[in-house]
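>>> model the structure of this input:
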Amino acid sequence: TPKERKLFDALRRLMATSTDIENAAMFCFQCEQTAKGEGCTGPRGVCTKDPQVAGLQDHLIHGLQALSAVAVRAGAQRSEGLDEFVPKAAFATLTNVNFSPEDLAAMIRECYERKQRMVDHAGVAALDGVPADLIAWLPGKDIEAMCAEARAFLIPRRFAKLGKDRVCLQELLVYGLKGLSAYLFHAMELGQKSEEVSNFILEAFAFVQKADPAVPELLGMCLDLGKHNLTAMKLLDEANTSTYGHPEPTKVVWVKDATEGIPGKAILVSGHDLLDLEALLKQTEGTGIKVWTHGEMLPCNAYPGLKKYKHLAGHYGTAWQNQRKEFAAFPGPILMTTNCYIPAPDSYLSRVFCCAPVGGIGVKLANRKDFSEVIEAARAAPGFAEPTAEPASLTIGFARNTVLGVADKVIAAAKAGALRRIFLVGGCDGFEKERNYFTELAEKIPDDCVILTLACGKFKINARDYGTLGGLPRLLDMGQCNDAYSAIVVASELAKALGCDVNGLPLSFVLSWFEQKAVCILLTLLHLGIRRIYVGPRLPAFFTPTILSVLADKFDLRAISTPDADLATMLAGK
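Residues are numbered from 1 along each chain as shown. Below you'll find the model as predicted:
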């Protein structure tokens, strides 16, 4: 709302008032909304995390670097469960995942205990090459001590030693690791693992602590992360489709506010986790309680193995940034399975449940093995009353299997000139009014073009009917952010059929970014050599002029400008 936007802009200005960043209460610039496009320095970040949570996150990342450095040298003597713990802990530091000091402190302690067991078992002499301070790393006994120690890990304190370019490339690698860890975590939850990817995560975290890294090797490591993220997204795609079937075109009830809901008790599921949703659907079957998706859970309604549950009623609300309004109005409990969680106000905090690694002060932890407390909360809540307005609908389910099933029609239309260009417009949504760029761009794309979309950025463009082209909807919803893999597969197959590479296709990438999953997806696209990618609404604060110059020269990476100017350039194939 205009009032919320005014408050949001005021908070960003407040966050930007500190100039002594080396001695600021905190420093974080990992997400797009960072204050003044430079960094949040306290008293709170724009995401609402305070210096305590920020410090614990910094400390945990340092701990993961120490643990990884020891693990790489320890080899076969690694601690059991390490490959599961590291991605989960890194995931917890991703934007809008965990705001609980106790959760973060517990992970720091576990990080130390795992590191120390390997040190004790292997012996210091066997850890040649691991910096002594990492081997000796010992966190304080309580949260206050851990936060005090984290002051040494403030990002700006490395600027004087290594220079901003190298530090920012280190952070680009760390943020990519957070996104990669999130995708690998979800794949592993469904039984898909990769020793190669797990080893890379350890090696990359250890590499961040290299004493004097060169810019080319830092950039090379970031692009190598893009390669391994492609593997992780493929694993997650295989995990989802082998468990729940391939998404198929599905018309979904879309309840935009509480006046449109289907009458009855209700539970809302937000985040990204299909396994948590399936567990809840099984446990609510036959109870009369309806389950609704929110945010990036929308694509779940297209999976055969999930939509077979008749009480999966449809989708409620829009993207993550609107949750305070939408959650407050929802007449039942809310289950947060992953990001993006905004700490709940008292008005509905008692109705919020979360699954690890999500956490927050006052939020009740739930476990997919037993959602009985969530179910009881639904029974106690009023549920939806008789609607006073008709709900809308969305057609989703156009992942790679569906699109490639009609690839011959797409290719024929492109060769005949009926299909002029394909636009991939998607990524993260967010608060800023500058994100209206993506809405305006989609509205102005000519009728002889097709739009692919994915992730929560779709909510900037999916409320409009774009009509059809050659019997297909002009707007094709490919799924969640990790379904960027679907888009990559489709682009690769079309390129093969047309006898060119992806850069030779009549295809434009326009990405809206917000958090670290978008970072690792961008690194994957760059690893694949894809050029002329448009990024907005702002470039990352950790892209220094030097980094941006390198990416622009090597990949022709572009910042968005205006919808009209960018559209003209893309339609011209330039």
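>>> rounded mean pLDDT for stretch 185-196, please.
The average pLDDT for stretch 185-196 rounds to 97.
>>> right, I mislabeled it, should have said stretch 36-47
The average pLDDT within stretch 36-47 is 94.
>>> let's number from 52 now, not from 1
Okay, residue one is now 52; in that scheme the one you just asked about reads as stretch 87-98.
>>> for this protein, give me the ranges with low pLDDT.
Residues of the chain that meet the criterion pLDDT under 70 lie in 52-70, 127.
>>> neighbours of Gly337, just the number please.
7 (other CB atoms under 10 Å). Quick note: C-beta positions are derived from backbone N, CA and C, even for glycine.
>>> distance of it from Asp216?
59 Å (CB to CB, to the nearest Å).
>>> ditto for His323
His323 is 33 Å from Asp216, by CB to CB.
>>> cool, Ala203 as well?
22 Å.
>>> and for Ala290?
37 Å.
>>> and those two? Which one has more around it.
Neighbours per residue (other CB under 10 Å) separate Ala290 from Asp216, with Ala290 holding more: 20 against 16.
>>> confirm that one sits in a helix?
Yes - according to DSSP: H, G, I helix; E, B strand; the rest coil, Ala290 belongs to a helix.
>>> contact partners for it?
237-238, 240-243 (CB atoms under 8 Å, 6 or more residues apart in numbering).
>>> SS state for the residue at the greatest distance from the centre of the chain?
Largest separation from the mean C-alpha position in the chain: Ala176, at 39.9 Å (CA atoms, centre = their mean). Per three-state DSSP, the local secondary structure of Ala176 is helix.
>>> same check, this time on Val123
Assignment for Val123 (three-state DSSP): helix.
>>> list the buried ones in stretch 464-478?
464-465, 470-478 (16 or more other CB atoms under 10 Å).
>>> from these, which two are the most distant?
Greatest spacing in the buried residues of stretch 464-478, by CB to CB: Ala464 and Gly478 (25.9 Å).
>>> still on that earlier bit, what would the contacts of Ala290 look like in a markdown table with distance to Leu386, neighbour count and secondary structure?
Below are the contacts of Ala290 laid out as a markdown table (distance: CB to CB, whole Å; neighbours: other CB atoms under 10 Å; DSSP: H, G, I helix; E, B strand; the rest coil):
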| residue | distance to Leu386 | neighbour count | secondary structure |
| --- | --- | --- | --- |
| His237 | 16 | 26 | helix |
| Ala238 | 21 | 25 | helix |
| Glu240 | 15 | 17 | helix |
| Leu241 | 18 | 18 | coil |
| Gly242 | 22 | 12 | coil |
| Gln243 | 23 | 19 | coil |
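>>> if we take those, which one ends up nearest to Leu503?
Closest to Leu503, out of all of the contacts of Ala290 and judged by CB to CB, is His237, at 21.8 Å.
>>> surely that closest one and Leu287 touch.
Yes - with contacts counted by CB atoms under 8 Å, His237 reaches Leu287, the gap being 5.4 Å.
>>> which residues do the two both contact?
Joint contacts of His237 and Leu287 (CB under 8 Å, 6+ apart) are Asn533.
>>> all helices for the stretch 502-625 of the chain, in order.
Using DSSP state H, counting those that start in this stretch, the helices of the stretch 502-625 of the chain run over 535-549, 567-578, 596-606, 614-622.
>>> can you list contacts of the last one?
Taking contacts as CB under 8 Å, 6+ apart, the residues outside helix 614-622 that touch it are 471-472, 474, 488, 491-492, 495-497, 559, 561, 585, 611.
>>> selection in PyMOL covering whichever of the residues you listed are buried, please.
Of these, the buried ones can be selected in PyMOL as follows, counting by 16+ other CB under 10 Å:
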select buried, resi 471+472+474+488+492+496+559+561+585+611
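>>> redo the contacts of helix 614-622 as CSV? Include distance to Leu115.
Formatted as CSV, the contacts of helix 614-622 follow (distance: CB to CB, whole Å):
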residue, distance to Leu115
Arg471, 47
Arg472, 43
Phe474, 38
Tyr488, 36
Glu491, 41
Leu492, 38
Lys495, 44
Ile496, 42
Pro497, 48
Ser559, 37
Val561, 33
Tyr585, 33
Ile611, 33
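>>> what is the burial count for Gln167?
Counted by other CB under 10 Å, the residues lying close to Gln167 total 18.
>>> alpha carbons of the strand or helix carrying it, as CSV, please.
For Gln167, the element it lies in under DSSP states H and E is helix 152-173. The C-alpha coordinates for helix 152-173 follow below in CSV (Å, rounded to 0.1, in the frame of the first residue of the first chain):
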residue,chain,number,x,y,z
PRO,A,152,19.2,-15.9,17.9
GLU,A,153,18.8,-19.3,19.7
ASP,A,154,18.6,-21.2,16.5
LEU,A,155,21.6,-19.5,15.0
ALA,A,156,23.7,-19.9,18.2
ALA,A,157,22.8,-23.6,18.2
MET,A,158,24.1,-24.0,14.7
ILE,A,159,27.3,-22.1,15.6
ARG,A,160,27.9,-24.5,18.5
GLU,A,161,27.2,-27.6,16.2
CYS,A,162,29.5,-26.1,13.6
TYR,A,163,32.3,-25.8,16.3
GLU,A,164,31.7,-29.3,17.7
ARG,A,165,31.9,-30.9,14.2
LYS,A,166,35.0,-29.0,13.4
GLN,A,167,36.7,-29.9,16.7
ARG,A,168,35.9,-33.6,16.4
MET,A,169,37.7,-33.6,13.0
VAL,A,170,40.6,-31.7,14.4
ASP,A,171,40.9,-34.0,17.4
HIS,A,172,40.6,-37.1,15.2
ALA,A,173,43.0,-36.0,12.4
